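Peer 1: This is a predicted model, with the sequence first.
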Amino acid sequence: MSRESRIRILVALDGTQPSEAPLRQLASLLMAEALEVIGLYVEDEDLLRAASLPGLREITFSGEQAVLDAERLAREIAGEAALARAAFELVASRLTSTGATLQYRFLVARGRHAEELARAAEASDFVLISRALRTAGLRPRFGSSFAELLRQPKNVLVVNEPWDSGSSVVVLRSSDEALRYAERMAESEDLRLVVATPPGAAAPDLPEGAVRRSLPDWQEETIAELCLREDARLLVVPAATDVNWAELLVSLMDKLPCSLLKVA
């Protein structure tokens, strides 16, 4: 990718802190002369509408029940958006060592989360999604919430786990662009590169130091198991070329023991 290009990264915030390490790594790998980073927080309209329904009750982590107060919920959402803005601006302001001319801004949208995220992504070159850590026991949204986004011809990085976990980058080999991203990420982070090929595929020309793994099938369980065996930090996959492949990516988001990069 030419350093003469200008790249816009959309950072989707949803109750989690923005991930500084992968954002910095991403900014360096993209090699853009000008970089614009946009933080997006969506005030979920479906949740706000549900809170206004009579008789709706809230169950706390301790198991206690209470009537859900719509006004209190709106205040909590506004407070969460303010915290997300402060955290995003702090992280974005630190991205000064990438060599790019950097601009950043924060947006608050109200609507259905999936629709607002997909709409904002249309004007972006890359989307970074930070999800709650698996070790925390919570993930605010299932992979199905991102189905519309994953069907777009868009580069999407989903940070599922602490970025410094894992010792390899695994790439599903059906795209030269996906292999290039995986190779650059592995080299820059000093990680092993594992190239997975489908059943019956000819052995590809591998980058120096890379290893090949032939998978019996390309189902989500098989791919997730490979990533677990290889202690992956990141799985790199080619673009969703049809509906079935897009659905596979959605399912993978909830099964992977690592982060996911979908290359357009």
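Peer 2: Happy to help now that I have it.

Peer 1: So what sits opposite the residue nearest to the spatial centre of the chain in the bridge?
Peer 2: Central residue of the chain (Cα atoms, centre = their mean): residue 158, 1.6 Å from the mean position. As for beta bridges, residue 158 partners with residue 129, residue 260 under DSSP bridges.

Peer 1: I'd like to know how far it sits from residue 195.
Peer 2: Look at residue 158 and residue 195: by Cβ to Cβ, to the nearest Å, they are 21 Å apart. Bear in mind the C-beta positions are built from the backbone N, C-alpha and C, glycine included.

Peer 1: leaving aside the residues next to it on the chain, what's closest to residue 110?
Peer 2: Using Cβ to Cβ, 6 or more residues apart in numbering and skipping residues adjacent in sequence, the residue nearest residue 110 is residue 43, 4.3 Å away.

Peer 1: now residue 10
Peer 2: residue 124 (3.9 Å).

Peer 1: now residue 81
Peer 2: Here the residue nearest residue 81, using Cβ to Cβ, 6+ apart, is residue 41, at 4.7 Å.

Peer 1: ditto for residue 174
Peer 2: Distances taken as Cβ to Cβ, 6+ apart place residue 238 nearest to residue 174, at 4.9 Å, with adjacent residues excluded.

Peer 1: Now that that neighbour has come up, it's in contact with residue 177, right?
Peer 2: Yes: when contacts are counted by Cβ atoms under 8 Å, residue 238 is listed as touching residue 177 (7.4 Å).

Peer 1: Who has more neighbours out of the two?
Peer 2: When residue 238 and residue 177 are compared on other Cβ atoms under 10 Å, the one with more neighbours turns out to be residue 238, at 18 against 13.

Peer 1: what's residue 252 in contact with, if anything?
Peer 2: 143, 220, 223, 224, 235, 237, 260 (Cβ atoms under 8 Å, 6 or more residues apart in numbering).

Peer 1: Tell me the pLDDT of it.
Peer 2: Looking at residue 252, its pLDDT is 87.

Peer 1: In three-state terms, label residue 227 for me.
Peer 2: helix (DSSP: H, G, I helix; E, B strand; the rest coil).

Peer 1: for it, what are its contacts?
Peer 2: So residue 227 contacts 170, 235, 256, 257, 258 (Cβ under 8 Å, 6+ apart).
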